[in-house]
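**Q** dropping a prediction and its sequence here:
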Protein chains: 2
Amino acid sequence: MESFKLFLKSIVPLSDQEFEKYSPYFKTRTLGRNSYFAEIGKTSHEAAFIKKGLLRTYYVNEKSEEVTSCFCTENNLTASYKSFISQQPSELSIQAVEDTQLITISYNDLQTLYQKSPLWQNIGRSIAERQYMVMEQYASVLCNETAKEKYMRMLKEQPAVVNKASVNDIASYLGITRRTLSRIRKEISL
Amino acid sequence: MESFKLFLKSIVPLSDQEFEKYSPYFKTRTLGRNSYFAEIGKTSHEAAFIKKGLLRTYYVNEKSEEVTSCFCTENNLTASYKSFISQQPSELSIQAVEDTQLITISYNDLQTLYQKSPLWQNIGRSIAERQYMVMEQYASVLCNETAKEKYMRMLKEQPAVVNKASVNDIASYLGITRRTLSRIRKEISL
DNA sequence: TAGCAAAAAGGACAAATGTCCTCGAATTTA
DNA sequence: TAAATTCGAGGACATTTGTCCTTTTTGCTA
């Protein structure tokens, strides 16, 4: 739970006592490689902090292809946010790329925390703001770079993900084809 | 203020009395065509609801080109969120595409509201969540569609913006060049 | 450890998009 | 209102990226 406490502290001021007080609401869980934290069509009742491991979120487009929309990495959160927040069926699946340890909270427990304490209202808001800023960055940058620029950026900013994820998933994450990614890798290696 | 009240009510349960109670914190302001609501390098101390008009947010990339990252439309919010939330210099400019009427709140007043009332904590959190979901949609969709698909989507989902904004701004918003957009328009008109 | 299946690399060609340019129409400014 | 400037359309060509396919490599399992 230590890393999760540090994560929360990076978002809001939080004493160790306060953290202890609320920690019973959080559960630890392990997810084996390729198993799912959320699935398309099912309502997502949990959000999670990633203690160790890697997940990818994906949706399925009109051509029935899986499109990886996000890699969720250690010491960050993961959730099918839209589904979790609205308690509607998920448009995303979230799958473990490798064995992954999670610290989870249920939707109901989180609502309880919101009611119990303005501290949690504050945490909830700050996290939503934070997620938004990350997504804004991702969106504006990825849409205006070439395939090579995008891959170079990913190599620099998420080297661990590049090592662990499949070529297919990396390519769809960058919005390019396998073939293009293969060409770029070749070019870089020269 | 009526449209703003409706906007808030669509997010959280809110009585007319409550709205009246807090409305003194909000100011009305008009922004002439091409003038700025936020500027790169300056810390943004206000967020706004757009009563009437249209704005675009843009950043400047390494090639010194303006890249339009968002069109902010009537009955929605606008802000250089990252700057406003963190009170750090803005990486975005926000410029009026046409004469625009805004309902604004200052950072300090918003913090006061957060402290005064859990209602506002809730509004703040819900808005951040909402912005996040919009951005998520934008990001995942735009990165995996062709130039034509993106433009057709925009025509369908934001016809008013297509009519008002310049070709340059629309192209950079879609992550394509003017030339490509010109070709697509030609093709569609046949 | 041999054989199989899945993943990645890459060849050949087609299509999409970008670059650089010119031209004419629309809009602003003196 | 004339001149100047901006803006959008589009030609010609270069480059990038995609498509479809085969080959090679990797990793798993019997």
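**A** Sure, I can see it. Numbers count the residues shown, from 1 in each chain, chains lettered A, B, ... in the order given.
**Q** is the residue most central in space within chain A in a helix, a strand, or coil?
**A** Residue closest to the mean C-alpha point of chain A, counted by CA atoms, centre = their mean, is residue A:72 at 3.2 Å. Under DSSP: H, G, I helix; E, B strand; the rest coil, the three-state class of residue A:72 is strand.
**Q** so it sits right up against residue A:56, yeah?
**A** Yes - between residue A:72 and residue A:56 a contact is recorded at 7.2 Å, counting by CB atoms under 8 Å. All C-beta spots, glycine's among them, are computed from the backbone N, C-alpha and C.
**Q** residues that sit against both of these two, list them.
**A** Counting by CB atoms under 8 Å, 6 or more residues apart in numbering or on different chains, the shared contacts of residue A:72 and residue A:56 are residue A:94.
**Q** list the buried residues of stretch A:94-108.
**A** A:94, A:95, A:96, A:97, A:100, A:101, A:102, A:103, A:104, A:105, A:107 (16 or more other CB atoms under 10 Å in any protein chain shown).
**Q** need those residues in TSV (columns: distance to DNA strand C).
**A** Shown next, in TSV, are these (distance: CB to the nearest atom of the strand, whole Å):
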residue	distance to DNA strand C
A:94	18
A:95	12
A:96	14
A:97	11
A:100	18
A:101	24
A:102	23
A:103	29
A:104	27
A:105	32
A:107	32
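**Q** tell me what the worst-scoring helix or strand of chain A on mean pLDDT is packed against?
**A** Within chain A, no helix or strand scores below helix A:118-142, which has a mean of 85 by mean pLDDT, DSSP states H and E. Judged by 3 or more CB pairs under 8 Å, 6 or more residues apart in numbering or on different chains; DSSP states H and E, helix A:118-142 is in contact with helix A:107-116, strand B:66-73, helix B:81-86, helix B:118-142.
**Q** who's in contact with the second one?
**A** When contacts are defined by CB under 8 Å, 6+ apart, strand B:66-73 is touched by residues A:136, A:139-140, A:144, B:50, B:54-61, B:78, B:92, B:94, B:97, B:158, B:160-161, B:165, B:169-170, B:172-173.
**Q** helices - which of these land there?
**A** Among the contacts of strand B:66-73, DSSP state H puts A:136, A:139, A:140, B:160, B:161, B:169, B:170, B:172, B:173 in helices.
**Q** show me the beta-bridge partners of the closest residue to the fourth one other than its chain neighbours.
**A** In this case it means residue B:160. Nearest residue to residue B:160, sequence neighbours excluded (CB to CB, 6 or more residues apart in numbering or on different chains): residue B:73, at 6.9 Å. Beta bridges link residue B:73 to residue B:54, judged by DSSP bridges.
**Q** look up how far chain B lies from the residue nearest to the centre of chain A.
**A** Using CB to the nearest CB, to the nearest Å, residue A:72 is found at 13 Å from chain B.
**Q** did I read that right, residue A:180 in a helix?
**A** Yes - assessed by three-state DSSP, residue A:180 belongs to a helix.
**Q** measure it to residue B:140 for me?
**A** 19 Å (CB to CB, to the nearest Å).
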